[in-house]
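# I would like to see how this sequence folds:
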Amino acid sequence: MKKILIYMLLFSVLSACTKEESKGSGSAVFYTTSNARGSITITITTKNRDPLTFKLPVTTNPDTYCTSGYTGYVLLDVGTYNYKAVPADGTQWNGSIDIQKGICLKRSIN
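Numbers count the residues shown, from 1 in each chain. Coordinates of the predicted model:
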């Protein structure tokens, strides 16, 4: 009986930890280090709202975008999102990003 109670307690603690880790938000900064392709438009498909679309900044230091919230910065709930990047020349990049709680992900699109 004691073992069953310990297992039940352990399971409930592990379940609570897993639920807590999936809550919260993180951010992502999309950027390019070259404007050779012209402006780049990125669209992020989100779970609970319309897609987010914006133009990317040209930078060699994306760290500043994580703290300042300039163009290319997006705050999202924890989870996986798809993105599409299309420069002026018509080429296209597709991919996904994994947003983690409290982390600013930097993604270069070149």
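# quick check: residue 65 is in a helix.
Yes. Under DSSP: H, G, I helix; E, B strand; the rest coil, residue 65 falls within a helix.
# so how far is residue 58 from it?
Distance, residue 65 to residue 58, using CB to CB, to the nearest Å: 11 Å. Every C-beta, even on glycine, is put in place using the N, C-alpha and C of the backbone.
# so the residue nearest to the spatial centre of the chain bridges to which residues?
For the chain, the residue nearest the mean C-alpha position is residue 99 (3.9 Å; CA atoms, centre = their mean). Counting by DSSP bridges, residue 99 forms beta bridges with residue 79.
# pLDDT below threshold where in the chain?
1-22, 68-71 (pLDDT under 70).
# run through the helices of it in chain order.
Using DSSP state H, the helices found in the chain span residues 2-21, 63-68.
# between residue 65 and residue 58, tell me which one has more neighbours.
The residue with more neighbours, out of residue 65 and residue 58, is residue 65; 21 against 13, by other CB atoms under 10 Å.
# contacting residues for the more buried one?
29, 31, 57, 59, 72-73, 106 (CB atoms under 8 Å, 6 or more residues apart in numbering).
# give me the buried entries from these.
Buried subset of the contacts of residue 65 (neighbour count, 16 or more other CB atoms under 10 Å): 29, 31, 57, 59, 72-73.
# with distance to residue 91 added, can I get the residues you listed in CSV?
Listed next are the buried ones among the contacts of residue 65 as CSV, based on distance: CB to CB, whole Å:
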residue, distance to residue 91
29, 21
31, 17
57, 19
59, 20
72, 18
73, 23
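# which of these sits closest to residue 47?
residue 73 (18.8 Å; CB to CB).
# so the closest one bridges to which residues?
Beta-bridge pairing for residue 73 (DSSP bridges): residue 29.
# list the contacts of it.
If you count contacts by CB under 8 Å, 6+ apart, then residue 73 has 27-29, 65-66 around it.
# so it versus residue 26, what's the distance?
For residue 73, the distance to residue 26 - CB to CB - is 11 Å.
# equivalent analysis for residue 101, please.
6 Å.
# now residue 25: closest residue in space that isn't a chain neighbour?
Once flanking residues are discounted, residue 25 sits nearest to residue 77: 5.3 Å by CB to CB, 6 or more residues apart in numbering.
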